[in-house]
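1. Sharing a model prediction with you, sequence too.
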Amino acid sequence: MNTLLKDRNILIMGIANKWSIAWAIAQVFKKAGARLAFSYQGEKSLRSLEKLIDDWEEKPLLVECDVTKDEDIQRLFEKVKEGFGTLHGVVHSIAHAKKEELEGLYLDTSREGYLLAQNISVYSLVAVSKYAKPLMTEGGSIVTLTYLGGERVVKNYNVMGVAKSALDSSIRYLAADLGKDNIRVNGVSAAPIKTLAAKGVRGFTDMLKGFEEKTPLKRLIQPEEVANTALFLCSPLSSGITGEIIHVDGGYNILGY
Ligand code: NAD
(Lines give C-alpha, C1' and ligand atoms only; values in the text may rest on other atoms or scores of the structure.)
Protein backbone atom coordinates (compact mmCIF):
# COMPACT_ATOMS: atom_id res chain seq x y z
CA MET A 1 0.00 0.00 0.00
CA ASN A 2 1.23 3.51 -0.85
CA THR A 3 -0.48 6.88 -1.04
CA LEU A 4 0.80 8.07 -4.42
CA LEU A 5 -2.75 8.48 -5.78
CA LYS A 6 -4.60 9.31 -2.57
CA ASP A 7 -7.68 11.50 -3.30
CA ARG A 8 -7.00 11.25 -7.05
CA ASN A 9 -9.89 10.49 -9.39
CA ILE A 10 -8.77 8.29 -12.25
CA LEU A 11 -10.57 6.86 -15.27
CA ILE A 12 -9.22 3.56 -16.61
CA MET A 13 -10.35 2.57 -20.11
CA GLY A 14 -9.81 -0.90 -21.57
CA ILE A 15 -10.39 -3.69 -19.06
CA ALA A 16 -11.76 -6.68 -20.99
CA ASN A 17 -10.83 -9.44 -18.53
CA LYS A 18 -8.32 -10.46 -15.86
CA TRP A 19 -5.48 -10.63 -18.40
CA SER A 20 -5.94 -7.01 -19.56
CA ILE A 21 -3.01 -4.70 -18.84
CA ALA A 22 -5.65 -2.18 -17.72
CA TRP A 23 -6.75 -4.60 -14.98
CA ALA A 24 -3.19 -4.80 -13.62
CA ILE A 25 -3.14 -1.00 -13.69
CA ALA A 26 -6.48 -0.83 -11.86
CA GLN A 27 -5.19 -3.02 -9.02
CA VAL A 28 -1.96 -1.06 -8.63
CA PHE A 29 -3.86 2.27 -8.70
CA LYS A 30 -6.36 1.00 -6.12
CA LYS A 31 -3.50 0.06 -3.78
CA ALA A 32 -2.12 3.57 -4.24
CA GLY A 33 -5.39 5.03 -2.94
CA ALA A 34 -7.03 6.21 -6.19
CA ARG A 35 -10.78 6.64 -6.62
CA LEU A 36 -11.51 4.78 -9.84
CA ALA A 37 -13.92 4.78 -12.77
CA PHE A 38 -13.78 2.12 -15.47
CA SER A 39 -15.10 2.31 -19.01
CA TYR A 40 -15.71 -0.95 -20.81
CA GLN A 41 -16.89 -2.11 -24.21
CA GLY A 42 -19.76 -4.60 -24.41
CA GLU A 43 -21.67 -6.95 -22.10
CA LYS A 44 -18.90 -9.55 -21.92
CA SER A 45 -16.40 -7.07 -20.51
CA LEU A 46 -19.03 -5.82 -18.04
CA ARG A 47 -19.61 -9.36 -16.76
CA SER A 48 -15.84 -9.91 -16.35
CA LEU A 49 -15.47 -6.57 -14.59
CA GLU A 50 -18.33 -7.23 -12.20
CA LYS A 51 -16.67 -10.51 -11.18
CA LEU A 52 -13.26 -8.87 -10.81
CA ILE A 53 -14.52 -6.14 -8.48
CA ASP A 54 -16.93 -8.37 -6.57
CA ASP A 55 -14.96 -8.11 -3.31
CA TRP A 56 -14.07 -4.41 -3.62
CA GLU A 57 -15.54 -2.41 -0.76
CA GLU A 58 -15.55 0.88 -2.63
CA LYS A 59 -17.03 0.06 -6.04
CA PRO A 60 -15.68 1.93 -9.06
CA LEU A 61 -17.96 3.81 -11.40
CA LEU A 62 -18.66 1.60 -14.45
CA VAL A 63 -19.62 3.21 -17.75
CA GLU A 64 -19.98 1.58 -21.16
CA CYS A 65 -18.07 3.32 -23.93
CA ASP A 66 -17.41 2.28 -27.51
CA VAL A 67 -14.70 4.75 -28.54
CA THR A 68 -15.84 4.74 -32.17
CA LYS A 69 -18.96 6.63 -31.00
CA ASP A 70 -18.60 10.30 -30.04
CA GLU A 71 -21.89 10.16 -28.12
CA ASP A 72 -20.51 7.32 -25.95
CA ILE A 73 -17.34 9.30 -25.14
CA GLN A 74 -19.42 12.38 -24.33
CA ARG A 75 -21.73 10.37 -22.05
CA LEU A 76 -18.74 8.72 -20.35
CA PHE A 77 -17.30 12.08 -19.35
CA GLU A 78 -20.71 13.37 -18.25
CA LYS A 79 -20.95 10.36 -15.91
CA VAL A 80 -17.39 10.89 -14.67
CA LYS A 81 -18.22 14.54 -13.98
CA GLU A 82 -21.37 13.56 -12.08
CA GLY A 83 -19.46 10.96 -10.08
CA PHE A 84 -16.19 12.76 -9.40
CA GLY A 85 -16.45 16.44 -10.35
CA THR A 86 -12.73 16.74 -10.95
CA LEU A 87 -10.62 14.23 -12.85
CA HIS A 88 -6.88 13.78 -12.23
CA GLY A 89 -5.95 10.96 -14.57
CA VAL A 90 -6.96 8.86 -17.57
CA VAL A 91 -5.41 5.56 -18.58
CA HIS A 92 -6.15 4.75 -22.23
CA SER A 93 -5.48 1.04 -22.77
CA ILE A 94 -7.41 0.44 -25.97
CA ALA A 95 -6.46 -0.89 -29.39
CA HIS A 96 -8.04 -2.96 -32.12
CA ALA A 97 -7.35 -4.17 -35.65
CA LYS A 98 -8.94 -6.83 -37.83
CA LYS A 99 -7.41 -10.21 -37.04
CA GLU A 100 -6.78 -10.95 -40.74
CA GLU A 101 -4.59 -7.84 -40.97
CA LEU A 102 -2.31 -8.99 -38.13
CA GLU A 103 -0.66 -11.54 -40.40
CA GLY A 104 0.89 -11.61 -43.84
CA LEU A 105 1.92 -8.42 -45.58
CA TYR A 106 1.28 -4.82 -44.47
CA LEU A 107 1.04 -4.20 -48.21
CA ASP A 108 -2.31 -6.01 -48.21
CA THR A 109 -3.93 -3.75 -45.59
CA SER A 110 -7.42 -2.69 -46.65
CA ARG A 111 -8.55 0.94 -46.49
CA GLU A 112 -11.31 -0.09 -44.11
CA GLY A 113 -8.92 -2.03 -41.86
CA TYR A 114 -6.44 0.85 -41.82
CA LEU A 115 -9.11 3.37 -40.82
CA LEU A 116 -10.57 1.04 -38.19
CA ALA A 117 -7.19 0.54 -36.48
CA GLN A 118 -6.49 4.29 -36.51
CA ASN A 119 -9.99 5.14 -35.31
CA ILE A 120 -10.06 2.81 -32.31
CA SER A 121 -6.38 2.79 -31.38
CA VAL A 122 -5.34 6.40 -32.05
CA TYR A 123 -8.18 8.86 -32.62
CA SER A 124 -9.80 7.62 -29.39
CA LEU A 125 -6.87 9.10 -27.42
CA VAL A 126 -7.43 12.48 -29.08
CA ALA A 127 -11.19 12.44 -28.42
CA VAL A 128 -10.77 11.23 -24.85
CA SER A 129 -8.14 13.92 -24.11
CA LYS A 130 -10.49 16.60 -25.46
CA TYR A 131 -13.32 15.53 -23.17
CA ALA A 132 -11.01 14.97 -20.18
CA LYS A 133 -9.48 18.47 -20.34
CA PRO A 134 -12.42 20.46 -18.88
CA LEU A 135 -12.60 18.02 -15.95
CA MET A 136 -8.88 18.27 -15.18
CA THR A 137 -9.19 21.61 -13.42
CA GLU A 138 -6.37 20.77 -11.00
CA GLY A 139 -4.03 19.51 -13.75
CA GLY A 140 -3.86 15.90 -14.79
CA SER A 141 -2.07 12.99 -16.35
CA ILE A 142 -3.10 11.02 -19.43
CA VAL A 143 -1.30 7.73 -20.05
CA THR A 144 -1.65 5.45 -23.05
CA LEU A 145 -0.22 2.02 -23.90
CA THR A 146 2.00 1.66 -26.92
CA TYR A 147 4.36 -0.90 -28.43
CA LEU A 148 7.76 -1.11 -30.14
CA GLY A 149 5.98 -2.12 -33.37
CA GLY A 150 5.33 1.61 -33.86
CA GLU A 151 9.08 2.32 -33.98
CA ARG A 152 10.40 -0.79 -35.75
CA VAL A 153 8.97 -3.41 -38.07
CA VAL A 154 7.64 -6.32 -36.00
CA LYS A 155 6.50 -9.34 -37.98
CA ASN A 156 2.70 -9.54 -38.39
CA TYR A 157 2.07 -6.37 -36.35
CA ASN A 158 1.42 -4.52 -39.63
CA VAL A 159 -1.49 -2.07 -39.47
CA MET A 160 -1.27 -1.94 -35.68
CA GLY A 161 2.39 -0.92 -35.90
CA VAL A 162 1.43 2.01 -38.10
CA ALA A 163 -1.36 2.87 -35.65
CA LYS A 164 1.14 2.82 -32.76
CA SER A 165 3.42 5.22 -34.70
CA ALA A 166 0.48 7.61 -34.98
CA LEU A 167 -0.32 7.06 -31.31
CA ASP A 168 3.28 7.87 -30.33
CA SER A 169 3.11 11.05 -32.37
CA SER A 170 -0.30 11.93 -30.87
CA ILE A 171 1.26 11.67 -27.39
CA ARG A 172 3.73 14.39 -28.37
CA TYR A 173 1.18 16.69 -30.06
CA LEU A 174 -1.31 16.33 -27.21
CA ALA A 175 1.44 16.93 -24.64
CA ALA A 176 2.34 20.17 -26.44
CA ASP A 177 -1.32 21.27 -26.57
CA LEU A 178 -2.18 20.47 -22.97
CA GLY A 179 1.02 21.42 -21.14
CA LYS A 180 -0.20 24.96 -20.40
CA ASP A 181 -3.16 23.42 -18.54
CA ASN A 182 -0.76 21.34 -16.44
CA ILE A 183 -2.06 18.20 -18.14
CA ARG A 184 0.70 15.73 -18.97
CA VAL A 185 0.45 13.10 -21.71
CA ASN A 186 2.78 10.10 -21.76
CA GLY A 187 2.99 6.54 -23.03
CA VAL A 188 4.15 3.22 -21.65
CA SER A 189 5.66 0.99 -24.32
CA ALA A 190 4.99 -2.48 -22.95
CA ALA A 191 6.76 -5.73 -23.74
CA PRO A 192 4.69 -8.50 -25.33
CA ILE A 193 2.24 -9.77 -22.70
CA LYS A 194 -0.30 -12.55 -23.26
CA THR A 195 -3.68 -10.81 -23.44
CA LEU A 196 -6.79 -11.07 -25.61
CA ALA A 197 -5.58 -8.32 -27.97
CA ALA A 198 -2.07 -9.77 -28.22
CA LYS A 199 -3.36 -13.22 -29.12
CA GLY A 200 -4.83 -11.66 -32.27
CA VAL A 201 -1.30 -11.18 -33.67
CA ARG A 202 -0.24 -14.25 -35.65
CA GLY A 203 2.76 -16.06 -34.13
CA PHE A 204 2.45 -14.24 -30.81
CA THR A 205 3.51 -17.26 -28.72
CA ASP A 206 6.72 -17.66 -30.74
CA MET A 207 7.31 -13.94 -30.36
CA LEU A 208 7.12 -14.31 -26.56
CA LYS A 209 9.73 -17.08 -26.66
CA GLY A 210 12.08 -15.03 -28.82
CA PHE A 211 11.58 -12.03 -26.57
CA GLU A 212 12.48 -13.96 -23.42
CA GLU A 213 15.68 -15.30 -24.99
CA LYS A 214 16.85 -11.98 -26.42
CA THR A 215 15.85 -9.26 -24.01
CA PRO A 216 18.65 -8.11 -21.64
CA LEU A 217 16.70 -9.09 -18.50
CA LYS A 218 16.21 -12.62 -19.99
CA ARG A 219 12.64 -12.97 -18.77
CA LEU A 220 9.08 -12.01 -19.61
CA ILE A 221 7.67 -8.76 -18.29
CA GLN A 222 4.71 -8.96 -15.92
CA PRO A 223 1.63 -6.72 -16.34
CA GLU A 224 2.26 -5.36 -12.81
CA GLU A 225 5.60 -3.96 -13.99
CA VAL A 226 3.81 -2.03 -16.75
CA ALA A 227 1.20 -0.94 -14.20
CA ASN A 228 3.86 0.39 -11.82
CA THR A 229 5.20 2.64 -14.58
CA ALA A 230 1.67 3.87 -15.33
CA LEU A 231 1.40 4.63 -11.59
CA PHE A 232 4.63 6.63 -11.73
CA LEU A 233 3.32 8.58 -14.75
CA CYS A 234 0.01 9.37 -13.02
CA SER A 235 1.65 10.34 -9.74
CA PRO A 236 3.41 13.55 -8.65
CA LEU A 237 6.73 11.65 -8.90
CA SER A 238 6.67 12.32 -12.66
CA SER A 239 5.49 15.95 -12.43
CA GLY A 240 8.20 17.19 -14.83
CA ILE A 241 7.61 14.56 -17.54
CA THR A 242 5.34 14.98 -20.55
CA GLY A 243 5.31 13.82 -24.18
CA GLU A 244 7.51 10.88 -23.18
CA ILE A 245 7.34 7.16 -23.92
CA ILE A 246 8.86 4.81 -21.34
CA HIS A 247 9.75 1.29 -22.47
CA VAL A 248 8.90 -1.41 -19.95
CA ASP A 249 10.44 -4.24 -21.93
CA GLY A 250 13.47 -5.49 -20.02
CA GLY A 251 15.66 -3.46 -22.36
CA TYR A 252 14.54 -5.18 -25.58
CA ASN A 253 14.30 -1.88 -27.49
CA ILE A 254 18.00 -1.04 -27.03
CA LEU A 255 19.18 -4.08 -28.99
CA GLY A 256 20.51 -3.77 -32.51
CA TYR A 257 20.79 -7.53 -33.03
P1 NAD B 1 -6.96 -6.31 -24.04
O2 NAD B 1 -7.61 -7.06 -25.15
O3 NAD B 1 -7.15 -6.83 -22.69
O4 NAD B 1 -7.36 -4.79 -24.08
C5 NAD B 1 -7.76 -4.11 -25.26
C6 NAD B 1 -8.98 -3.30 -24.86
O7 NAD B 1 -9.40 -2.50 -25.97
C8 NAD B 1 -10.17 -4.20 -24.49
O9 NAD B 1 -10.62 -3.86 -23.20
C10 NAD B 1 -11.22 -3.83 -25.52
O11 NAD B 1 -12.55 -3.87 -25.02
C12 NAD B 1 -10.82 -2.41 -25.87
N13 NAD B 1 -11.43 -1.96 -27.11
C14 NAD B 1 -11.27 -2.46 -28.37
N15 NAD B 1 -12.10 -1.81 -29.22
C16 NAD B 1 -12.77 -0.87 -28.48
C17 NAD B 1 -13.76 0.10 -28.77
N18 NAD B 1 -14.26 0.26 -30.02
N19 NAD B 1 -14.22 0.87 -27.76
C20 NAD B 1 -13.77 0.73 -26.50
N21 NAD B 1 -12.83 -0.18 -26.16
C22 NAD B 1 -12.35 -0.97 -27.14
O23 NAD B 1 -5.40 -6.30 -24.44
P24 NAD B 1 -4.15 -5.51 -23.81
O25 NAD B 1 -2.97 -6.22 -24.34
O26 NAD B 1 -4.33 -5.31 -22.36
O27 NAD B 1 -4.22 -4.12 -24.60
C28 NAD B 1 -4.23 -2.86 -23.95
C29 NAD B 1 -3.31 -1.89 -24.63
O30 NAD B 1 -1.96 -2.31 -24.43
C31 NAD B 1 -3.49 -1.80 -26.15
O32 NAD B 1 -3.32 -0.46 -26.55
C33 NAD B 1 -2.35 -2.64 -26.67
O34 NAD B 1 -1.97 -2.32 -27.98
C35 NAD B 1 -1.28 -2.26 -25.67
N36 NAD B 1 -0.12 -3.13 -25.64
C37 NAD B 1 -0.26 -4.46 -25.45
C38 NAD B 1 0.85 -5.29 -25.46
C39 NAD B 1 0.71 -6.78 -25.26
O40 NAD B 1 1.63 -7.53 -25.65
N41 NAD B 1 -0.37 -7.26 -24.68
C42 NAD B 1 2.13 -4.75 -25.66
C43 NAD B 1 2.25 -3.37 -25.84
C44 NAD B 1 1.11 -2.57 -25.83
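-> Perfect, I can see it now.
2. Quick one: mean pLDDT over the host helix or strand of G113.
-> In this assignment (DSSP states H and E), G113 forms part of helix 111-118. If you average the pLDDT over helix 111-118, you get 98.
3. what's that helix packed up against?
-> Here helix 111-118 touches helix 158-178, going by 3 or more CB pairs under 8 Å, 6 or more residues apart in numbering; DSSP states H and E. Bear in mind the C-beta positions are built from the backbone N, C-alpha and C, glycine included.
4. what packs against the helix it packs on?
-> Right, helix 158-178 is packed against helix 111-118, helix 124-132, strand 140-146, strand 183-190 by 3+ CB pairs under 8 Å, 6+ apart.
5. can you redo those as JSON lines with distance to the ligand and mean neighbour count?
-> Compiled in JSON lines, the helices and strands packed on helix 158-178 are given as follows (distance: least, CB to the nearest ligand atom, whole Å; neighbours: other CB atoms under 10 Å):
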{"stretch": "helix 111-118", "distance to the ligand": "9", "mean neighbour count": "16"}
{"stretch": "helix 124-132", "distance to the ligand": "7", "mean neighbour count": "21"}
{"stretch": "strand 140-146", "distance to the ligand": "3", "mean neighbour count": "27"}
{"stretch": "strand 183-190", "distance to the ligand": "4", "mean neighbour count": "26"}
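6. May I see those organised as JSON lines, with distance to F77 added?
-> Formatted as JSON lines, these follow (distance: least, CB to CB, whole Å):
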{"stretch": "helix 111-118", "distance to F77": "22"}
{"stretch": "helix 124-132", "distance to F77": "4"}
{"stretch": "strand 140-146", "distance to F77": "13"}
{"stretch": "strand 183-190", "distance to F77": "14"}
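7. out of the ones you listed, nearest to A166?
-> A166 sits nearest to helix 111-118 of all the helices and strands packed on helix 158-178, at 6.2 Å, using CB to CB.
8. Residues touching that closest one, excluding its own?
-> 95-98, 100-101, 159-160, 162-163, 166 (CB atoms under 8 Å, 6 or more residues apart in numbering).
9. Put together CSV for these, with distance to the ligand and neighbour count on each row.
-> Shown next, in CSV, are the contacts of helix 111-118 (distance: CB to the nearest ligand atom, whole Å; neighbours: other CB atoms under 10 Å):
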residue, distance to the ligand, neighbour count
A95, 3, 22
H96, 4, 18
A97, 9, 25
K98, 12, 16
E100, 16, 12
E101, 14, 22
V159, 12, 22
M160, 7, 26
V162, 13, 20
A163, 8, 27
A166, 12, 17
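10. Mind jotting down where the strands sit in this structure?
-> 9-13, 35-40, 61-64, 89-92, 140-146, 183-190, 245-248 (DSSP state E).
11. With mean pLDDT as extra columns, can I get these in a markdown table?
-> Below are those laid out as a markdown table (pLDDT from 0 to 100):
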| stretch | mean pLDDT |
| --- | --- |
| strand 9-13 | 99 |
| strand 35-40 | 98 |
| strand 61-64 | 98 |
| strand 89-92 | 99 |
| strand 140-146 | 99 |
| strand 183-190 | 99 |
| strand 245-248 | 98 |
